[in-house]
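> Would you be able to build a 3D model of this:
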Amino acid sequence: MVNTMNYVVSTTSGALNDAIAELVGKAVSLVSNAAEAFALKREYRKTVSELSSLSGRELADLGLNRSSIHAAAFEAVYG
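Predicted coordinates for the structure are as follows:
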C-alpha cells in the first residue's frame, strides 16, 4: 500500500510540476509579447511624430503628404 501511495504522489507531483512549468512559460511569453507590442507602438508614435515635424516640401521629397503619414509610419514599423 505504501508503494502505491508513493507512486501516486510522485506522479501527481510530476504532473503538477509540468502544469506549473507550462503556466510559467505562458506567463513569460505573455509579458514578452506585451513588451514587444509596447516597443513597436512607441516606435510607431516616434515615427509619426518625426514625419509630422517635416515640412510639406520635405514630405513631398519622400513621396508623402500629410494624409499618408500614419500609413507610412505603420508600414515602416509593422511591415
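
> Three-state assignment for the residue nearest to residue 65 when sequence neighbours are not counted, please.
Distances taken as C-beta to C-beta, 6 or more residues apart in numbering place residue 59 nearest to residue 65, at 5.9 Å, with adjacent residues excluded. (C-beta placed from N, C-alpha, C; glycine too.) Secondary structure for residue 59, judged by DSSP: H, G, I helix; E, B strand; the rest coil, is helix.

> Show me where this protein has its helices.
2-52, 56-61, 69-78 (DSSP state H).

> Could you check the angle the first one makes with helix 69-78?
When you say that, I think you mean helix 2-52. 140 degrees (axes from the mean of the first three to the mean of the last three C-alpha atoms, to 10 degrees).

> and residue 31, how many neighbours?
Neighbourhood size, residue 31 [other C-beta atoms under 10 Å]: 10.

> ok, it - contacts?
With contact set as C-beta atoms under 8 Å, 6 or more residues apart in numbering, residue 31 has no partners.

> same deal with the one 5 residues further on?
Shown here is residue 36, which makes no contacts under the criterion C-beta under 8 Å, 6+ apart.

> swap in residue 77?
Residue 77 touches 40, 43, 44, 47, counting by C-beta under 8 Å, 6+ apart.

> Mind putting the helices of the chain into JSON lines with mean pLDDT?
Listed next are these as JSON lines, based on pLDDT from 0 to 100:
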{"stretch": "helix 2-52", "mean pLDDT": "84"}
{"stretch": "helix 56-61", "mean pLDDT": "96"}
{"stretch": "helix 69-78", "mean pLDDT": "97"}
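
> Highest mean neighbour count out of those?
Per-residue neighbour counts averaged over each of these give the maximum for helix 69-78, namely a mean of 14 (mean count of other C-beta atoms under 10 Å).

> Pull the distance from that helix to the chain's centre.
Per C-alpha atoms, centre = their mean, to the nearest Å, the displacement of helix 69-78 from the mean C-alpha position of its chain is 17 Å.
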